[in-house]
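Asks: just the structure for this:
(chains A, B, C and D)
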Protein chains: 2
Amino acid sequence: MIEIITTKDIAKIANVSIATVSRVLNNNPNVSEKTRKKVIMAIESLGYEPNLFAKNLAKKNKWNIAIGCTEEVFEGFKDSKNNFYLPIMSGIKEYFSKIKAEIFIFSIEDKKLNISFNDVDGFLLVGGGLKKEDIEFFLKYKKPVVVVDEYVWGLDVDSIVSNGFLGTYNIVRFFLEKGYKKIVYFHFKEKHYSFEQRKLGYEKALLEKDLIPKIYSFQDITDLKNLTKNVMKEKPEIIVTSKDLCAIEIMNILNENKYKIPDDVGVIGFDDLKISEDFQLTTVRVPREEMGNLAAGRLFDLVNGVNPHPIVISLFTKPIIRKSVKI
Amino acid sequence: MIEIITTKDIAKIANVSIATVSRVLNNNPNVSEKTRKKVIMAIESLGYEPNLFAKNLAKKNKWNIAIGCTEEVFEGFKDSKNNFYLPIMSGIKEYFSKIKAEIFIFSIEDKKLNISFNDVDGFLLVGGGLKKEDIEFFLKYKKPVVVVDEYVWGLDVDSIVSNGFLGTYNIVRFFLEKGYKKIVYFHFKEKHYSFEQRKLGYEKALLEKDLIPKIYSFQDITDLKNLTKNVMKEKPEIIVTSKDLCAIEIMNILNENKYKIPDDVGVIGFDDLKISEDFQLTTVRVPREEMGNLAAGRLFDLVNGVNPHPIVISLFTKPIIRKSVKI
DNA sequence: CTGAAAGCGCTTACAG
DNA sequence: CTGAAAGCGCTTACAG
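Replies: Predicted structure coming up:
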């Protein structure tokens, strides 16, 4: 049985009250240099570590959490179709509503905040396509930073992503096992970790069955029209693509060109947006509320100095089988 | 400002004391069915959620945490050379020593524990090479399970791993940028997620430089002797391998065959075991204490019902440049 | 600059 | 089966 050291023990040794110990612990300036030293000595000699449960329970003032969003995230608030980030933001807010935290939402582009960046206890940066420079800007403040829905190579910064690799791998594999052979992939060539991972999952699934992956990249949704028409000449059985929004666009193009879904060709997306159900799109569900919860939880740990070693958290996804692919 | 709902509010609505509310919350059998229902109604109507800080602070009895280890983990306790899991176990113990938890260490092979598996609040399963069936055995108890240093395909179970992909990728890339071209990989063909990932990292680094990856697999350390001798005929500049223990074995074989390290050939390992420094082995450090901390922290979250969506946590690694490769 | 005291929201002996 | 009360280890007005 290990004895737990408390502020009381420190107070006794340093010959001060627990109030003073607490002040030293929280860098309160109203402590004389002499007592501060005494207390720090005691803390170090006993190897004291504060009890975070007690700390957070007793806390009166709040943690200041700054949540930076890319333009895409803001757009999602207005556009009911592309609402990928809405549940993520709810998940974040929900988590922080349960603890003593005040959140400040701001635009990563403008970088305008209601409080000084120096008074922020931690940053949450939300949005696929976040640039390295953006993240580095916030790293400068030497406060915890957690990136949501992006992972940038070469920066060992805490990141929360969905497991796009496994997600695509599993759903493609599911249809391969049903006997499908001609499954092609439309890769949205935007710089985003998730899109890269999803493509790799498709590749792996096909290679495992000794099939040759067919990956067609497109830069812009406008490219899709020609691409779809051209690829359809090769009579693919299923088109898999980087995200639901692209899948729906592809379905529209197919409709315009008199192709029947799923009879002539199947379509598979990724994300499981709200509208995807209306289109009966077979897709992969990204647990977005949970992603927000986890991101907030990770930041809260970091703010409290818990397990600070940087990590990548990736959430398992779930295949959603609807009618856009014959089964 | 959101009003926080407490046991007090529930007590008032249900017309009972907060003690009774607490009893209902903790499934204490000493509550009449009638009051239990009243309290549950109140909880649901207000959407009450317990404050975990208060709960864990007030808690008198302990969480029972069962830590299952593979044989390899136990062997590491005796073998000072192969002590990969020692720091991981320290990290786990350290985390739990700070909270109200009692830990029970047991062998996954024997499955013999001092308490009933049913009284366990959560399982931590430690060891590369863990089998799917092993993990499924513990999943049966419907208690949180966290797997440490392994990830098993097809099971959406919480896992903590080191980022072997990025680790190898980065160190191989480092030497490629220094001008090295003939870098080969000795892949330890044991079923272990990490070894697979490390190999992929090597592959990616070479492909990016338009070099052809050369991967030689070996099943057993005894295979290494012939493999090393054969590969050396092709005059590689650096041999990269799956783990430090293999790297050291390779160094020994090279020495026996009168090859000079690093002049004739360089060697790179993975893990950064304690003995690796004695051999001046250039390697990749797996932050093992931190891995244990994070695993314990994740399990603790799950035990408390926090962010239960299953995730994979992967820790960033760090290249350790020593003298086994010319620089 | 410092201490005594109230309070954060729970749990759990204790008494009935 | 239930409630009043003490206590978990901190923080923070308040008073000096």
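
Asks: other residues contacting the helix or strand bottoming out on mean pLDDT in chain A?
Replies: In chain A, the helix or strand scored least confidently by mean pLDDT, DSSP states H and E is helix A:71-78, which has a mean of 89. Contact partners of helix A:71-78, identified using C-beta atoms under 8 Å, 6 or more residues apart in numbering or on different chains, comprise A:82, A:83, A:84, A:85, A:86, A:89, A:107, A:109, A:126, A:127, A:128, A:129. Every residue, glycine included, has its C-beta placed from N, CA and C.

Asks: got the buried residues for stretch A:139-152?
Replies: By neighbour count with 16 or more other C-beta atoms under 10 Å in any protein chain shown, stretch A:139-152 contains the buried residues A:143, A:144, A:145, A:146, A:147, A:148, A:149, A:150, A:151, A:152.

Asks: ok, now which ones touch the second one?
Replies: Under the criterion of C-beta under 8 Å, 6+ apart, the contact list for residue A:144 reads A:121, A:122, A:123, A:158, A:299, A:302, A:303, A:308.

Asks: against DNA strand D, how distant is the fourth one?
Replies: Which is residue A:158. 24 Å (C-beta to the nearest atom of the strand, to the nearest Å).

Asks: report the beta-bridge partners for the closest residue in space to that residue that isn't next to it in sequence.
Replies: Once flanking residues are discounted, residue A:158 sits nearest to residue A:146: 4.6 Å by C-beta to C-beta, 6 or more residues apart in numbering or on different chains. Per DSSP bridges, the residues bridged to residue A:146 are residue A:124, residue A:158.

Asks: residue A:146 touches residue A:139, doesn't it?
Replies: No: using C-beta atoms under 8 Å, residue A:146 is not in contact with residue A:139; the gap is 11.4 Å.

Asks: common neighbours of those two, please.
Replies: Shared contacts of residue A:146 and residue A:139, counting by C-beta under 8 Å, 6+ apart, come down to residue A:157.

Asks: what about whichever residue of the stretch 201-327 of chain A sits closest to DNA strand D, neighbour count?
Replies: Residue nearest to DNA strand D within the stretch 201-327 of chain A: residue A:304 (10.7 Å; C-beta to the nearest atom of the strand). Residue A:304 has 17 neighbours, counted by other C-beta atoms under 10 Å in any protein chain shown.

Asks: list the contacts of it.
Replies: Shown in contact with residue A:304 (C-beta under 8 Å, 6+ apart): A:52, A:55, A:56.

Asks: now do the SS call for the last one.
Replies: Secondary structure for residue A:56, judged by DSSP: H, G, I helix; E, B strand; the rest coil, is helix.

Asks: ok, now which ones touch it?
Replies: Contacts of residue A:56 by C-beta under 8 Å, 6+ apart are A:99, A:100, A:304, B:53.

Asks: on the pLDDT front, check the second one for me.
Replies: Same thing as residue A:100. On pLDDT, residue A:100 comes in at 87.

Asks: what separation do you get for it and DNA strand C?
Replies: In this view, residue A:100 and DNA strand C are 9 Å apart by C-beta to the nearest atom of the strand.

Asks: ditto for the first one
Replies: Taken as C-beta to the nearest atom of the strand, the spacing of residue A:99 relative to DNA strand C amounts to 10 Å.

Asks: so what's that residue up against?
Replies: Shown in contact with residue A:99 (C-beta under 8 Å, 6+ apart): A:56, A:63, A:300.

Asks: with residue A:22 instead?
Replies: By C-beta under 8 Å, 6+ apart, the residues touching residue A:22 are A:7, A:28.

Asks: got phi/psi on it?
Replies: Main-chain torsions, residue A:22, degrees, to the nearest 10: phi -60, psi -40.

Asks: thinking residue A:261 is in contact with residue A:326, fair?
Replies: No: counting by C-beta under 8 Å, residue A:261 stays clear of residue A:326, with 9.3 Å between them.

Asks: neighbour count: these two, which is higher?
Replies: Neighbours were counted for residue A:261 and for residue A:326 using other C-beta under 10 Å; residue A:261 has more, 20 against 15.

Asks: the more buried one in helix, strand or coil?
Replies: Assignment for residue A:261 (three-state DSSP): coil.

Asks: what's the distance between it and residue A:216?
Replies: 18 Å (C-beta to C-beta, to the nearest Å).

Asks: interface residues of the stretch 201-327 of chain A facing chain B?
Replies: Residues of the stretch 201-327 of chain A that fall close to chain B, judged by C-beta under 8 Å from any C-beta of the partner chain: A:287, A:290, A:293-294, A:297, A:301, A:306-307, A:309-316.

Asks: which of the residues you listed fall within helices?
Replies: Among those, the members falling in helices (DSSP state H) are A:290, A:293, A:294, A:297, A:301.

Asks: tell me how many other residues surround the third one.
Replies: A count of nearby residues for residue A:294, using other C-beta under 10 Å, gives 26.

Asks: and for it, nearest residue in space, chain neighbours not counted?
Replies: residue B:307 (5.0 Å).

Asks: these two touch, right, the one you found and residue A:293?
Replies: Yes: here residue B:307 reaches residue A:293: they are 5.0 Å apart, a contact under C-beta under 8 Å.

Asks: follow-up on the earlier one: restrict the buried residues of stretch A:139-152 to those near DNA strand D?
Replies: Among the buried residues of stretch A:139-152, no residue lies close to DNA strand D (C-beta under 7 Å from any atom of the strand).

Asks: now, which of those residues lie within strands?
Replies: Among these, the residues falling in strands (DSSP state E) are A:145, A:146, A:147, A:148.

Asks: can I get those residues in TSV with pLDDT?
Replies: Converted to TSV, these look like this (pLDDT from 0 to 100):
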residue	pLDDT
A:145	98
A:146	98
A:147	98
A:148	98
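
Asks: could you dump the residues you listed to a markdown table with distance to residue B:241?
Replies: Converted to a markdown table, these look like this (distance: C-beta to C-beta, whole Å):
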| residue | distance to residue B:241 |
| --- | --- |
| A:145 | 34 |
| A:146 | 34 |
| A:147 | 32 |
| A:148 | 36 |
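
Asks: number of nearby residues for residue A:75?
Replies: For residue A:75, the neighbour count with other C-beta under 10 Å is 13.

Asks: repeat that for residue A:37.
Replies: 13.

Asks: quick one on the thing from earlier: keep the contacts of residue A:144, but drop any that are not near DNA strand C.
Replies: Restricting these to those near DNA strand C - C-beta under 7 Å from any atom of the strand - leaves none.

Asks: wait, which of the residues you listed is closest to chain B?
Replies: Checking the contacts of residue A:144 against chain B by C-beta to the nearest C-beta gives residue A:308 as the nearest, at 8.2 Å.

Asks: for the closest one, give me its contacts.
Replies: Residue A:308 touches A:144, A:302, counting by C-beta under 8 Å, 6+ apart.

Asks: okay, now residue A:306: neighbour count?
Replies: So residue A:306, with other C-beta under 10 Å, has 16 neighbours.

Asks: surely it meets residue A:53?
Replies: No: between residue A:306 and residue A:53 there is no contact under C-beta under 8 Å: 11.6 Å.

Asks: do a quick rundown of the strands in chain A.
Replies: For chain A, applying DSSP E gives strands covering A:63-69, A:101-107, A:122-126, A:145-148, A:158-162, A:183-188, A:214-218, A:238-241, A:266-268, A:283-285, A:311-315, A:318-320.

Asks: about what we covered before: which of the ones in helices among the residues of the stretch 201-327 of chain A next to chain B are close to DNA strand D?
Replies: Counting by C-beta under 7 Å from any atom of the strand, no member of these reaches DNA strand D.
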